[in-house]
Each structure stands twice: as structure tokens, then as C-alpha cells.
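*Asks:* With the input below, show me the fold.
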Amino acid sequence: MRPRFMNIFRLCSRLIPHKQMPHLARELPCYVKNITFIHPAAHFSTGSILQNGQMSEMDYHIVADETMDSLTEAFEDIGDTLSCDPEYDAQYSSGVLTVKISEKDGTYVINKQPSNLQIWLSSPISGPFRYDFEDGTWVYKRTSRTLHELLSDEVSKVFNTPIDFTKCSYGSRKKS
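*Replies:* Reported below is the predicted structural model:
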């Protein structure tokens, strides 16, 4: 039981600002009940995605996973509904979405970058981009263009038909 308590205490120390730890360690010890973490000073956000201008890692994973799942579905739908090259393939695994359009048109790679709280895109047409979550969508800061806008433009040109990725999760900016 002692090693488990130490692991819970380490978790507690990650959730509480370092400056407060010595004071809280004396006065507000961590309690364990059925291996559930209970601590009066631990608060989890269910509100705004951005706190102090920065997204929490937990919120990042929620938003990024929903974005990636939505993009995966959209790319799979393209393969099911449009006349695609026989090599066309969309696969999502371990935070990486790989979409092979064809030998001629190349491969898109879209992946999560949790350490930077970003989504990265490698486009066979326009190259690499790093997207940050702003205004409810993934934005490339150098151009203010969104991930979904770029994918809509490029993939529409490849298939010579309008394809709208902005309808995917987190595909358009929040209205102010």
C-alpha cells in the first residue's frame, strides 16, 4: 500500500503549484478512496478551452483527438464517394493520419504534437505547417490560414470537385 500512496502523492504534487506544495503537504494531505484521487485543491476545467491564453494538455488531447477523428472520417468518405486512384488510402493510428492520394499526387500526413499543443501537416503540394488552436480552430500563425481551409483548397483541386473540410470538428473560427 505504501508505494501506491507515494504514486498518488506524486500525482498530487503535479496538480498543485510547486510554491504551495510544502504548505499543502503539511495541512492538506492526499486521500485515497477506492483508488480514486481526491484532493480539495485539485480543480479540473470543464469550461473554456483556453486558460490564461494557453490550452491545457488535457483539453488539447480532447480537441486534437476530435479533430483528427473528424478529418479521418472526411478522408475515408472521399475514398467511398469519389472516383479515386486505386492506391488511395486513409489511415489513422497513434495520433498520425496518413492519406495517400496517389503516386502522382502524393501523401498527406497530419499528426498531433502534444509537446507543442499543435497539429502538424505535411502536404505534398505546399509543404509542412504547424497549427495552433485559436478562435476555435487550428491556425497557421504565419498566414492566419486554418488547417481545414488549406485541406479544402488543396484536396478540392486534386479531385477537381469541391470538398469542404471546414464542416469537420473545429473546422471554422468561432464568431466573436
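
*Asks:* would you say T98 is within a helix?
*Replies:* No: looking at T98 with DSSP: H, G, I helix; E, B strand; the rest coil, it is strand, so not inside a helix.

*Asks:* Which residue ranges of the chain form helices?
*Replies:* Assignment of helices within the chain using DSSP state H yields the ranges 2-15, 21-27, 57-81, 147-159.

*Asks:* any idea of the mean pLDDT in the shortest one?
*Replies:* By that I understand helix 21-27. The average pLDDT for helix 21-27 rounds to 42.

*Asks:* Next: the longest one.
*Replies:* Mean pLDDT, computed over helix 57-81, is 97.

*Asks:* Quick one: residues in contact with that helix.
*Replies:* 44-45, 49, 55, 84, 88-90, 92, 95, 97, 99, 110, 112, 114, 117, 119, 133, 138, 147, 151, 155, 159, 163, 165, 168-171 (C-beta atoms under 8 Å, 6 or more residues apart in numbering). Where C-beta positions appear, they are placed from N, C-alpha and C, glycine not excepted.

*Asks:* check contacts around T161.
*Replies:* Counting by C-beta under 8 Å, 6+ apart, the residues that T161 touches are L82.

*Asks:* Could you measure from it over to S152?
*Replies:* 11 Å (C-beta to C-beta, to the nearest Å).
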